[in-house]
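Asks: pasting the sequence and the predicted coordinates here, then a few questions.
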Amino acid sequence: MFDPDIAPSGTLLGLLQRGRGDGTLHALTAPRPEALAALNHCVLNDPRHDWQVENRSLYYARLHLDLHGDLDAIEAHLFDPEDLLDTEESRTGLALAVLGHLASYGRGDALPLLRRYAAHGSNWAWALDELALRDDDAGLRSLAQPVLDRFPTDPEGEAELAATVRDAFEPRPWRLWADDPRPAVSARVRAAQETGCFDRWQRQMRPTGPRPGWSVEAVLDWAQQGLERGAALHVPAARCLAAVAGPDDRAEIVRAARDGADGARCTALRYLADHHDPDALPLIEDAVATGSAAVADAAVDAFERMRSLAAV
């Protein structure tokens, strides 16, 4: 998440940045160059506070159609040299999603732009997902070699390819490429699919998450181990505590919320807040004042979820 620069709500740009319905009305009555400039600013500088939880691409794509806008600004943004330096999905994701909707509405210039970015852009996987929903088989087959060329043929490259195929959001291109008449393409993709299936089977045979019979201590340890690996597991761990903890375990959970390791402390705070424990509020206040940044953030998040009269 990030804090975008939002214009005042009374301006055309501010209305479009907020996704307001009257923003469309104002844009359609404003001078066309001004409206297109504001629209392109939104598409190229994602105004959403958290782009992963708020959909905005259809709103901008429909307005783009109503204004009969061209794709020059989007093309310049996608193929700017900065694309090689800033590979975060948030830089280009909204523009690619807008192109996907435009392609669905029959804009013939949107598909070639998506194909070119899938072949050469850093956020190629997003572009490929958009194409998987809208492009024909011939268009997708033309991308097989450029995409595979991104992965070296050494063991590390093949492992990365297998993980990409396994975790693909839209599997259609990979399934199509697995039947490609070019042996060099189909053999690599099929091998990656088999490796991905084997990896998934191994994970199922050796689960690393909580299992029936775990104790409160085991759940807290699991949350701490996840944090040490860089994965915040306190939310699912708190749900696990709800399944395994009994009345006799409260003292242990309160101790963890007061002075436990960060992962365990975040988990305990979340659990106590969700269960409206009488000690939850002072423990949250203490965590914000004395805990690490991760603990403080988890404590605030837990407090924001509370619906008790004391919290209100």
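Replies: Yep, that arrived.
Asks: make it CA atoms for all contacts and neighbour counts henceforth
Replies: Will do.
Asks: separation between Glu160 and Ala192?
Replies: Look at Glu160 and Ala192: by C-alpha to C-alpha, to the nearest Å, they are 9 Å apart.
Asks: the two: which is more packed in?
Replies: Applying other C-alpha atoms under 10 Å to Glu160 and Ala192 shows that Ala192 carries more neighbours, namely 23 against 15.
Asks: grab the nearest non-local neighbour of the more buried one.
Replies: Sequence neighbours aside, Ala162 is the residue nearest to Ala192 in space, at 4.2 Å (criterion: C-alpha to C-alpha, 6 or more residues apart in numbering).
Asks: ok, how many other residues are close to the one you found?
Replies: So Ala162, with other C-alpha under 10 Å, has 24 neighbours.
Asks: which helix or strand contains it?
Replies: Here Ala162, judged by DSSP states H and E, is contained in helix 155-166.
Asks: state the mean pLDDT of that helix.
Replies: Helix 155-166 shows a mean pLDDT of 91.
Asks: got phi/psi on the spatially most central residue of the chain?
Replies: Nearest residue to the geometric centre of the chain (C-alpha atoms, centre = their mean): Gln52, 5.0 Å. When read as degrees, to the nearest 10, the backbone of Gln52 gives phi -80, psi -10.
Asks: wait, what's in contact with it?
Replies: Not one residue lies near Gln52 by C-alpha atoms under 8 Å, 6 or more residues apart in numbering.
Asks: tell me the contacts of the residue nearest to Arg141 when sequence neighbours are not counted?
Replies: Residue nearest to Arg141 in three dimensions, not counting chain neighbours: Trp177, with 6.7 Å by C-alpha to C-alpha, 6+ apart. Applying C-alpha under 8 Å, 6+ apart to Trp177 gives the contacts Arg141, Ala144, Val185, Ser186, Val189.
Asks: and the host helix or strand of Trp177, how far out from the chain middle?
Replies: Per DSSP H and E, Trp177 falls inside helix 172-178. With C-alpha atoms, centre = their mean, to the nearest Å as the basis, helix 172-178 stands 23 Å off its chain's centre.
Asks: list the buried ones in it?
Replies: Arg172, Pro173, Trp174, Leu176, Trp177, Ala178 (16 or more other C-alpha atoms under 10 Å).
Asks: in the stretch 151-300 of the chain, which spans are helices?
Replies: 155-166, 172-178, 183-205, 216-228, 234-244, 250-259, 262-274, 280-290, 293-305 (DSSP state H, counting those that start in this stretch).
Asks: need the contact partners of stretch 14-21.
Replies: Here stretch 14-21 has contacts from 6-9, 22-24, 38-39, 42, 47-48, 56, 59, using C-alpha under 8 Å, 6+ apart.
Asks: looking at it now, give me its mean pLDDT.
Replies: 92.
Asks: and the strands in the stretch 51-200 of the chain?
Replies: Taking DSSP state E, counting those that start in this stretch, the stretch 51-200 of the chain contains no strands at all.
Asks: just for it, where's the confidence low?
Replies: 196-200 (pLDDT under 70).
Asks: returning to that earlier point: just the helices of the stretch 151-300 of the chain: most buried one?
Replies: Greatest average neighbour count among the helices of the stretch 151-300 of the chain goes to helix 262-274 (a mean of 28), per mean count of other C-alpha atoms under 10 Å.
Asks: neighbouring contacts of that one?
Replies: Residues contacting helix 262-274 (C-alpha under 8 Å, 6+ apart): 220-221, 223-227, 232-235, 237-239, 241-242, 253-254, 256-259, 279-281, 283-284, 291-292, 294-295, 298-299, 302-303, 305-306.
Asks: ok, 7 Å please
Replies: Residues from elsewhere that reach helix 262-274 (C-alpha atoms under 7 Å, 6 or more residues apart in numbering): 220-221, 223-224, 227, 234-235, 237-238, 253-254, 256-259, 280, 284, 295, 298-299, 302-303, 306.
Asks: how close does Ala257 sit to Glu89?
Replies: From Ala257 across to Glu89, the span is 35 Å (C-alpha to C-alpha).
Asks: run through the residues that contact Asp179.
Replies: Ser186.
Asks: what's the closest non-adjacent residue to Arg134?
Replies: That would be Ser104: by C-alpha to C-alpha, 6+ apart, it lies 6.5 Å from Arg134.
Asks: likewise for Asp180?
Replies: Ser186 (5.1 Å).
Asks: ok, that neighbour touching Arg175?
Replies: No: at 9.3 Å, Ser186 and Arg175 do not qualify as touching, with contact defined as C-alpha atoms under 7 Å.
Asks: ok, back up a step: of all the helices of the stretch 151-300 of the chain, which one is nearest Glu130?
Replies: Evaluated over the helices of the stretch 151-300 of the chain, closeness to Glu130 peaks at helix 172-178, with 10.8 Å, by C-alpha to C-alpha.
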